[in-house]
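Student: Structure here, sequence nowhere to be found:
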């Protein structure tokens, strides 16, 4: 089993920045792709950004140029640097990990964190 623990969420004004972290523990040898998803109230969970074990990244169009996903394999941690935040970014952000090389849909995730709230005020 793999445990994922997120941190770094909070309340920030529009235009501000936050950095989310997700630390993995347990059977981490099984993990390949990792990523971040988010779910706003009344909306479906959506992919935000993913990264493979070799560093290939993918972003949803709405965050391109503002968010950066990175990964420290030595620390078993994935990060999401969020800049120029907008009220529309308000959501619960979930870390996910997959045994697959690529992670696209949430059905491909094998492990999930508990989520961390990000609130952007206008």
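Tutor: Good, I have the coordinates. This is a predicted model, so every value here is computed, not measured.
Student: what residue lies at the spatial centre of the protein?
Tutor: For the chain, the residue sitting closest to the mean C-alpha position, by Cα atoms, centre = their mean, is residue 36 at 2.1 Å.
Student: looking at the sheet around that one, what are its partners?
Tutor: As for beta bridges, residue 36 partners with residue 49, residue 95 under DSSP bridges.
Student: My guess is it contacts residue 18. True?
Tutor: No: using Cβ atoms under 8 Å, residue 36 makes no contact with residue 18, being 11.8 Å away. The way it works is simple: take the backbone N, C-alpha and C, and place the C-beta from them, glycine included.
Student: can you tell me which strand in the chain is longest?
Tutor: Selection of the longest strand in the chain by residue count, based on DSSP state E, yields strand 18-26.
Student: Check which helices and strands it is in contact with.
Tutor: strand 2-7, strand 34-39, strand 77-82, strand 91-97, strand 116-121 (3 or more Cβ pairs under 8 Å, 6 or more residues apart in numbering; DSSP states H and E).
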